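1. Predicted model, plus sequence, below.
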Amino acid sequence: MRTARGAAVLLTVGVVAALALATTGGSGSKDRPTAADVSPSPAPVQSGAPSGSPSPSPSWDGKVKVLGDGSTSDTGPQPKQPKPEKLKPGEKPPQFVVFSWDGALENDDHLFSRFRELGEENNAQMTFFLTGIYTVPNSKRALYHPPQHDVGAAAIDFPTDAHVKETLEQLRLAWQAGDEIGTHFNGHFCGDKGGKDWSTEEWKSELDQAVSFVTNWKTNTGFKDLAPLPFDYTKELVGGRAPCLEGQNNLLPVEKAAGFRYDASSPGEFQVWPSKKNGIWNFPLQMLPYRSSQGLSMDFNFLASQSGDSTNGDPKKYAGWEKEARDSYLAGFERVYNGSRAPLFIGNHFETWNGGIYMQAIEDVMKSVCKRDGVRCVSFRQVADWMDAQDPKVLDKLRQLDPGQPADWSRLVK
């Protein structure tokens, strides 16, 4: 009996879709910790295996290859990637937890660097869904041709030159730490003339531009003295999340044609084992216990239910709201950790809404769960790797489990 799949309230992302995401300034709450200033950019990549990189693989000759205009490079297999293994008979599945970030800009709040460092400290590898125009300075915004909008238009701010440079540095460090760099596309258009109204051809243009911005940032910015990103984005990019979780149906064919292995744009699902949609893994945000019902596992939705369309609600309520968000994440975790072991998917933005309470809630959850027995805090790509390594018949059985239903693993996994 699937009691955990009973009536639930999906807090609509569209309620806050029009909120401006702070991208070019501002500071976090005075009561919240911030990461240290970003370190200087490393020296340009030289030929030969870079320090800390994996040993050459049969498909890599051990030599770094600078690609295109020097914006990206092939430095070999990504470091710190676990080898996916098929479940042994009777074995309990790992408890996967994915922390994912929409946008991935390093601005004056230094939230990208803060959570990248927290991940390294807590055995957590994550997915950063990079917004392509965050590698395009405001002075070059005319390079962007958004579907159904004027040239150079966007629903979010283009970054400053300094923020582009700092974001590139964080992308380098994140990839070297084993984190995944996905895509959040470009202009963050929602509602009318946004992703839900775009055709497959328009989504293709949006994706092509997102990739082009990342692979040609040196040409577009003129920052010739910076090191290339240490990865080939055309190969590393295997998944994305559409802004406001809109437009998945027309987006999926584009992603499949581009060789994506998963999509994280679904507007929500129960905490169940994932399945494929249009031939690629569908990794939705999830319904977690919240108040007297359930809510979506994203900061936008806690904000919508707690302070409506205001990102600066009543400060007297911050402590209670922060506890609600943290408790919801932890309740969702405990339900599957002690039940079906379905992966827990969490989506967030680098933001300081309501004094930074949602950032603090995520930090607390990461510190609480990522070092527990049997828990693996991983990227979406790593979940896809593991799922692909499993017996499809076993995965079918896992999908039949209620989120909070303990399983007889000796009978289920054969």
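-> Arrived safely, thanks for sending.

2. Any stretches of this protein with poor pLDDT?
-> 1-58 (pLDDT under 70).

3. Determine the longest helix present in it.
-> In the chain, taking DSSP state H as the definition, the longest helix is helix 318-337.

4. ok, for the residue nearest to the spatial centre of the chain, nearest residue in space, not its chain neighbours?
-> By Cα atoms, centre = their mean, the chain has its centre lying nearest to Ser100, at 2.9 Å. Of all residues not flanking Ser100 in the chain, Thr127 sits nearest, at 4.3 Å (Cβ to Cβ, 6 or more residues apart in numbering). For the C-beta atoms, the positions are set from N, CA and C on the backbone; glycine is no exception.

5. and the helix or strand following the longest helix of the chain, what other elements does it pack with?
-> The helix or strand immediately downstream of helix 318-337 is strand 344-349, counting by DSSP states H and E. Contacts defined by 3 or more Cβ pairs under 8 Å, 6 or more residues apart in numbering; DSSP states H and E place strand 344-349 against strand 95-103, helix 299-307, helix 318-337, helix 357-369.

6. To Glu120, which of those lies closest?
-> Nearest of the helices and strands packed on strand 344-349 to Glu120, taken as Cβ to Cβ: helix 357-369 at 11.1 Å.

7. wait, isn't the residue nearest to the centre of the chain in contact with Arg241?
-> Yes: with contact defined as Cβ atoms under 8 Å, Ser100 reaches Arg241; the gap is 7.1 Å.

8. Show me where the stretch 1-150 of the chain has its strands.
-> 65-67, 72-74, 95-103, 127-130 (DSSP state E, counting those that start in this stretch).

9. Please name the strands paired to the longest one in the sheet, noting orientation.
-> Under the criterion DSSP bridges, strand 95-103 sits next to strand 127-130 (parallel), strand 344-349 (parallel), strand 375-378 (parallel) in its sheet.

10. In the helix or strand following the last one, which residues are buried?
-> If you walk from strand 375-378 toward the C-terminus, the next helix or strand you reach (DSSP H and E) is helix 380-388. For helix 380-388, the neighbour count (16 or more other Cβ atoms under 10 Å) marks Phe380, Arg381, Gln382, Val383, Ala384, Asp385, Trp386, Met387 as buried.

11. go on, stretch 250-263?
-> By neighbour count with 16+ other Cβ under 10 Å, stretch 250-263 contains the buried residues Asn250, Leu251, Leu252, Val254, Glu255, Ala258, Phe260, Arg261, Tyr262, Asp263.

12. so how far is Ala242 from Leu198?
-> Let me fix one detail, which is that residue 198 is Trp and not Leu. 9 Å (Cβ to Cβ, to the nearest Å).

13. residues shared between the contacts of those two?
-> Common contacts of Trp198 and Ala242 (Cβ atoms under 8 Å, 6 or more residues apart in numbering): Leu251.

14. nearest spatial neighbour of Leu229, skipping sequence neighbours?
-> Spatial nearest neighbour of Leu229, chain neighbours left out: Thr72 (4.8 Å); criterion: Cβ to Cβ, 6+ apart.

15. how many neighbours does that neighbour have?
-> 24 (other Cβ atoms under 10 Å).

16. related to what we said a few turns ago, out of the strands paired with strand 95-103, flag the one nearest Asn107.
-> Of all the strands paired with strand 95-103, strand 344-349 sits nearest to Asn107, with 11.7 Å by Cβ to Cβ.

17. And the strands in the stretch 201-350 of the chain, which stretches?
-> 239-240, 262-263, 275-277, 280-282, 287-290, 293-296, 344-349.

18. could I get these as TSV with distance to Glu180?
-> Output for those, formatted as TSV (distance: least, Cβ to Cβ, whole Å):
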stretch	distance to Glu180
strand 239-240	8
strand 262-263	10
strand 275-277	19
strand 280-282	13
strand 287-290	22
strand 293-296	22
strand 344-349	13
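
19. about what we covered before: in CSV: the buried residues of helix 380-388, plus distance to Gly308.
-> Listed next are these as CSV, based on distance: Cβ to Cβ, whole Å:
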residue, distance to Gly308
Phe380, 30
Arg381, 35
Gln382, 36
Val383, 33
Ala384, 36
Asp385, 40
Trp386, 39
Met387, 38
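
20. So what's the residue count around the closest residue to Leu252 other than its chain neighbours?
-> With sequence-adjacent residues excluded and distances taken as Cβ to Cβ, 6+ apart, Leu252 is closest to Asn278, at 4.2 Å. Look at Asn278: counted by other Cβ under 10 Å, it has 13 neighbours.

21. Over to Val151?
-> 10.

22. Just say helix, strand or coil for it.
-> Taking DSSP: H, G, I helix; E, B strand; the rest coil as the rule, one finds Val151 in the coil state.

23. show me the contacts for it.
-> Ala142, Tyr144, His145.

24. Now for Leu330, how many residues are close by?
-> Neighbour number of Leu330 under other Cβ under 10 Å is 18.

25. again, but for Gly313
-> Residues contacting Gly313 under the criterion other Cβ under 10 Å number 17.

26. so what's it closest to, chain neighbours aside?
-> Ser307 is the one closest to Gly313 (Cβ to Cβ, 6+ apart), at 3.0 Å.

27. OK, contacts around the nearest residue to Leu87 once chain neighbours are set aside?
-> Nearest non-adjacent residue to Leu87, counting by Cβ to Cβ, 6+ apart: Val413, 5.0 Å away. The contact partners of Val413, taken as Cβ under 8 Å, 6+ apart, are Leu87, Lys88, Pro89, Gly90, Glu91, Lys92, Pro93, Val394.
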